[in-house]
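> One predicted model, sequence on top.
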Amino acid sequence: MEQHQDDQEIPSIGIIGGSGLYEMEGFVQSEERTVKTPFGHPSDMLVGGMVSGRQVWFLPRHGRGHGLLPHEINHRANIWALRSLGVRWIICVTAVGSLREKYAPRSLVLPDQYYDRTSRRDQHTFFGSGIAAHISFGEPVSCGLREILAEASRAEPDLQVFNGGTYVNMDGPAFSTRAESDANRQLGFDVIGMTNLPEAKLAREAEIALSTLCMVTDYDCWKDEEVSVDTVLSHLHANSIMAQKIIGRAIPLLPKEANWPEHRALDSAVITRRELWPAETLEKLSPILTPFVKRTPDWEGN
């Protein structure tokens, strides 16, 4: 069984994004690890090392070489793998389309809300199979981590930073139709993407604080033209070095103790009485539930 965070002195930090993030200044790589999970294979091997004296694990969301479409990403395996390695903070980096004139390509949005338009929601939870839990998700982003990222982002010259906004998660892999883009604008959403909401839901269930750097690459298709892969990649590559710098500034600002509200998300979420937990499900969720059991020895159920 993998080491749990509660057995470590200082919890680890996870980074989910493109493989280019490994090249950030100050990152000293120490290993590559293949993690087996009860939910299947993560997107790729996890790359571990140190940044500013902190243990960091990088995971390429789409695999190295970008071989996975959004609906092919095994989010449960990704988050389970990171939690099993002691990760208690996750910084996501992702490309998004802008639904607002003010969010121009190459600007940065730090979302504080999500709207779910995915169709695979049964795969966006760890629970079931005899253990029921309903996390509180009214504030789906870690406020503490988002503010740290905002502070680190503002130090980047000439970068437009927007702290807050709603990310609407579509399935993909096709980009929006113009009708869909117009409807999302009318509903008041700010940016659109295909991957980040499942990461946020699963991170909360795993008691990990998560926040996201949304790199604006286009205006979806509502403004001027069709979205193309070439356009997205050109802006994303231009922003990759900037994202590395922001993450490098943010990591030393993270606490060395996991004591934020997100780190106790299960305290008010698990319903099933402990005596009824199937042993197989408890074992499958051991990186998540073992710390919960240790800190709540007298808890019986809701």
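Ah, there it is. This structure is a prediction, so every number in the text was calculated from the model and none was measured. Residues are numbered from 1 along each chain as shown.
> Next one: the closest residue to residue 151 other than its chain neighbours from residue 89, what distance?
Excluding its sequence neighbours, the residue lying closest to residue 151 (Cβ to Cβ, 6 or more residues apart in numbering) is residue 253, at 7.0 Å. Any C-beta I mention is one placed from the backbone N, CA and C, and that applies to glycine too. Separation of residue 253 from residue 89 (Cβ to Cβ, to the nearest Å): 11 Å.
> Pick out whichever of the two has more residues nearby.
residue 89 (29 against 14; other Cβ atoms under 10 Å).
> Give me the mean pLDDT for the helix or strand containing the more buried one.
Per DSSP states H and E: residue 89 is located in strand 87-98. Throughout strand 87-98, pLDDT has a mean value of 96.
> which stretches of the stretch 51-200 of the chain form strands?
54-60, 87-98, 108-110, 113-116, 161-163, 166-169, 191-193 (DSSP state E, counting those that start in this stretch).
> So what are the sheet partners of the fourth one and their directions?
For strand 113-116, the pairing partners within the sheet under DSSP bridges are strand 166-169 (parallel).
> For the partner strand, which residues meet the burial criterion?
By 16 or more other Cβ atoms under 10 Å, the buried positions in strand 166-169 come out as 166-169.
> Distance check, the closest residue to residue 223 other than its chain neighbours against residue 293.
Excluding its sequence neighbours, the residue lying closest to residue 223 (Cβ to Cβ, 6+ apart) is residue 101, at 7.6 Å. Using Cβ to Cβ, residue 101 is found at 50 Å from residue 293.
> And for residue 249?
Counting by Cβ to Cβ - residue 249 and residue 293 are separated by 36 Å.
> More neighbours: which of the two?
Ranked by neighbour count (other Cβ under 10 Å), residue 249 and residue 293 place residue 249 first, with 18 against 14.
> can you pull the contacts of the spatially closest residue to that one that is not a sequence neighbour?
Excluding the flanking residues, the one nearest residue 249 by Cβ to Cβ, 6+ apart is residue 152, at 3.8 Å. Neighbouring residues of residue 152 by Cβ atoms under 8 Å, 6 or more residues apart in numbering: 246-247, 249-250, 253.
> lowest average confidence, helix or strand, in the protein?
The weakest-scoring helix or strand in the chain, judged by mean pLDDT, DSSP states H and E, is helix 229-250 (a mean of 82).
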